[in-house]
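# Can you look at this prediction? I've put the sequence above it.
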Amino acid sequence: MAAVTAIVSWPAAALAHPLGNFTTNQYLGIYLTPNSIELDYVLDLAEIPTAQHREAIDLGDQGEAACGNFTRGITVTLDGQAVPVAITGSHLSFPPGEAGLPTLRLECRLRGTIELSRQLVVEVVNESFAERLGWKEMTVGGTDIAVVGEVPSTSVTNRLTAYPEDRLASPIAIATATFTVEPAPGSATGSAPPPLGSVSPGANPVDRLASLIDPAGGAPALPLAMAVAVGLGVVHALAPGHGKTVMAAYLVGSRGTARQALVLGLAVAGSHTVGVLGLGLVTLAGTAAFAPETVFPILSTISGLIVIGIGLWLGWRWLRDRGQHQHDHNHGHQHDHDHHQHGPGHHHHDPGNDPPGDKPTAGWKVLASMGLAGGLVPSASAVVLLLAAVNLGRVTVGLLLIGLFGLGMAATLVGVGYGLVKASNFGLERWGSYDWVDRLRTILTPAAALVVIGVGLFLTFRP
């Protein structure tokens, strides 16, 4: 209750990066005149790629060396002929992000000389950070020229300072701009690049949780930070995912026990915590070329395959038990009376006639596999929390908070599973004497198997 109260009543803190803590976002504005082409390149790194690149960035040159490194993938051609471009300016800043971690904003200006006396085809290609997840936008404008093509003339993000909420689920990803341009005195399109550093993103306040684990906060702040970490784990576990659908399908379909619900919840939370620690260590120890976000599709696919295997196992076990049940019923037991002679609501119970799936059928290995599948994909927010603690020099406190985050998850998942088991048992005790309950129990296990397989297929093949 203390943890939930702390997290619910907590003052407004910094929001996560609009497109996620792993994203590498780029904007490339193209501005032409009859004699020149100017490129306005903006790089916006979220918290985790900033942590990867910051050690390699020279903070004394205001970003000129970084511009040299990060714009090597940009090429310009005019009617198929390469146009050399040189860096003319740069600006580097580190706006605060989630949990007190910095983000990175780099602005670079590049300029090339051209001679535009007739209609020509311009192609600009941006291969920088091609493997990284994030927004990639291009615009084109100019003075005394006319542009024909489908490249927009205005930035919908205002140069990566205001991402439109309706596009966050499917961000723009334009890596190549091809258009025709010709002289047109007196005409203008788009807008000239603003002075470097003149447009800055709205700085998020430093996250209050980071202030609690800051050594300057003192010892009294630590208990509140611990309570908030537990509360964050509770809220995170209540969000979609974490195998709750698979847990529900299995526990209800196979008449799971409270002990199995406990094992499932602990296994999901445990595997999730290990995943967070592993990804955090890889992010800190890996090179800047490594893209941590590429791990998520792989882990999601592995999780989906495990879930599919569990669903197939559950269906196979039900078919096997059903075949055995029918064999025992035909050869080992006979009725010498008519079931229809029983009064309404009367339930004829025969130990040899229990429907298959009436008792728990999974061993601990299956439960552990289900828990692994539910918690295999780590939380980006938890990774950011760990990196924030490392950034503040409080690694031990960060590990403690990650453990408490997992404890909050475990408590929630165990509670959900335990509630499902108790609700299922209560329903069977109250209505178990009705024939329709027997029929329902007969289809619960195959229905659960289909649900589990469906969730596995979704995890495996979702985009």
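The structure has been received and is ready for your questions.
# hey, let's count contacts and neighbours off CA atoms from now on
OK.
# How about stretch 448-463, which residues are buried there?
448-460 (16 or more other Cα atoms under 10 Å).
# surely L404 meets M226?
Yes - if you go by Cα atoms under 8 Å, L404 and M226 touch, sitting 6.8 Å apart.
# want to throw the buried residues of stretch 448-463 into TSV with secondary structure and distance to I298?
As requested, the buried residues of stretch 448-463 are exported to TSV (DSSP: H, G, I helix; E, B strand; the rest coil; distance: Cα to Cα, whole Å):
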residue	secondary structure	distance to I298
A448	helix	25
A449	helix	24
L450	helix	23
V451	helix	22
V452	helix	19
I453	helix	18
G454	helix	18
V455	helix	16
G456	helix	14
L457	helix	14
F458	helix	14
L459	helix	10
T460	helix	9
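# Turn these into CSV, including distance to L314 and pLDDT.
Output for the buried residues of stretch 448-463, formatted as CSV (distance: Cα to Cα, whole Å; pLDDT from 0 to 100):
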residue, distance to L314, pLDDT
A448, 8, 73
A449, 6, 75
L450, 9, 82
V451, 11, 77
V452, 9, 77
I453, 10, 80
G454, 13, 81
V455, 14, 76
G456, 13, 76
L457, 15, 82
F458, 18, 77
L459, 18, 72
T460, 18, 76
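# which among those gets closest to G20?
G20 lies nearest to L459 out of the buried residues of stretch 448-463, by Cα to Cα, at 19.7 Å.
# In this structure that closest one contacts G304, no?
Yes - assessed by Cα under 8 Å, L459 is found in contact with G304 at 4.6 Å.
# tell me the secondary structure for the nearest residue to F70 once chain neighbours are set aside?
Excluding its sequence neighbours, the residue lying closest to F70 (Cα to Cα, 6 or more residues apart in numbering) is S128, at 6.4 Å. Secondary structure, DSSP: H, G, I helix; E, B strand; the rest coil: S128 is coil.
# in the stretch 51-200 of the chain, which spans are strands?
74-78, 81-82, 86-93, 104-113, 120-126, 136-148, 176-189 (DSSP state E, counting those that start in this stretch).
# mind putting the ones you listed in a markdown table, distance to A66 and mean neighbour count included?
Output for the strands of the stretch 51-200 of the chain, formatted as a markdown table (distance: least, Cα to Cα, whole Å; neighbours: other Cα atoms under 10 Å):
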| stretch | distance to A66 | mean neighbour count |
| --- | --- | --- |
| strand 74-78 | 14 | 17 |
| strand 81-82 | 23 | 12 |
| strand 86-93 | 9 | 18 |
| strand 104-113 | 8 | 22 |
| strand 120-126 | 16 | 19 |
| strand 136-148 | 18 | 21 |
| strand 176-189 | 22 | 16 |
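# Save those strands as a markdown table, and put in distance to L45 and mean pLDDT too.
Output for the strands of the stretch 51-200 of the chain, formatted as a markdown table (distance: least, Cα to Cα, whole Å; pLDDT from 0 to 100):
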| stretch | distance to L45 | mean pLDDT |
| --- | --- | --- |
| strand 74-78 | 18 | 95 |
| strand 81-82 | 29 | 93 |
| strand 86-93 | 11 | 92 |
| strand 104-113 | 5 | 93 |
| strand 120-126 | 16 | 94 |
| strand 136-148 | 12 | 92 |
| strand 176-189 | 21 | 91 |
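# wait, which of the ones you listed is closest to L387?
strand 104-113 (15.4 Å).
# Can you give the strand pairings for that closest one, parallel or anti for each?
strand 36-45 (antiparallel), strand 86-93 (antiparallel) (DSSP bridges).
# list the contacts for T77?
Residues in contact with T77, defined by Cα atoms under 8 Å, 6 or more residues apart in numbering, are 83, 122-124.
# E182: which of those residues is nearest?
Nearest member of these to E182, counting by Cα to Cα, is V122, at 10.2 Å.
# Show me the beta-bridge partners of the closest residue in space to that closest one that isn't next to it in sequence.
Spatially, and ignoring its direct neighbours in sequence, V122 is nearest to L78 (4.8 Å; Cα to Cα, 6+ apart). When bridges are called by DSSP bridges, L78 pairs up with Q81, V122.
# Would you agree L78 is in contact with R118?
No - counting by Cα under 8 Å, L78 stays clear of R118, with 11.5 Å between them.
# Surely A411 touches V235?
No - using Cα under 8 Å as the test, A411 is too far from V235 to be in contact (11.1 Å).
# which neighbours do the two share?
Residues touching both A411 and V235 by Cα under 8 Å, 6+ apart: none at all.
# After the helix or strand bottoming out on mean pLDDT in the chain, which helix or strand is next? Please name it.
Using mean pLDDT, DSSP states H and E, the weakest-scoring helix or strand in the chain turns out to be helix 2-9, at a mean of 47. Moving toward the C-terminus from helix 2-9, the next helix or strand (DSSP states H and E) is strand 24-33.
# Can you give the strand pairings for that next one, parallel or anti for each?
strand 36-45 (antiparallel), strand 136-148 (parallel).
# okay if I get the contacts of T77 as a markdown table plus distance to F22?
Shown next, in a markdown table, are these (distance: Cα to Cα, whole Å):
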| residue | distance to F22 |
| --- | --- |
| V83 | 33 |
| V122 | 32 |
| E123 | 29 |
| V124 | 26 |
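# Looking at these, spot the one nearest L32.
The closest of the contacts of T77, once distances to L32 are taken by Cα to Cα, is V122, at 10.2 Å.
# Contacts only, for that closest one.
Per Cα under 8 Å, 6+ apart, neighbours of V122: 76-79, 177-181.
# One more pass at 6 Å, please.
For V122, the contacting residues are 77-78, 178-180, by Cα atoms under 6 Å, 6 or more residues apart in numbering.
# S381 and A261, how far apart?
As defined by Cα to Cα, to the nearest Å, S381 lies at a distance of 26 Å from A261.
# For these two, indicate the residue with more neighbours.
Between S381 and A261, counted using other Cα atoms under 10 Å, the more crowded position is A261 (25 against 17).
# Show the contacting residues for that one.
Contact analysis of A261 by Cα under 6 Å, 6+ apart lists 414, 417-418.
# Find me the pLDDT at it, would you?
We have a pLDDT of 75 for A261.
# Likewise for P446?
At P446, pLDDT is 76.
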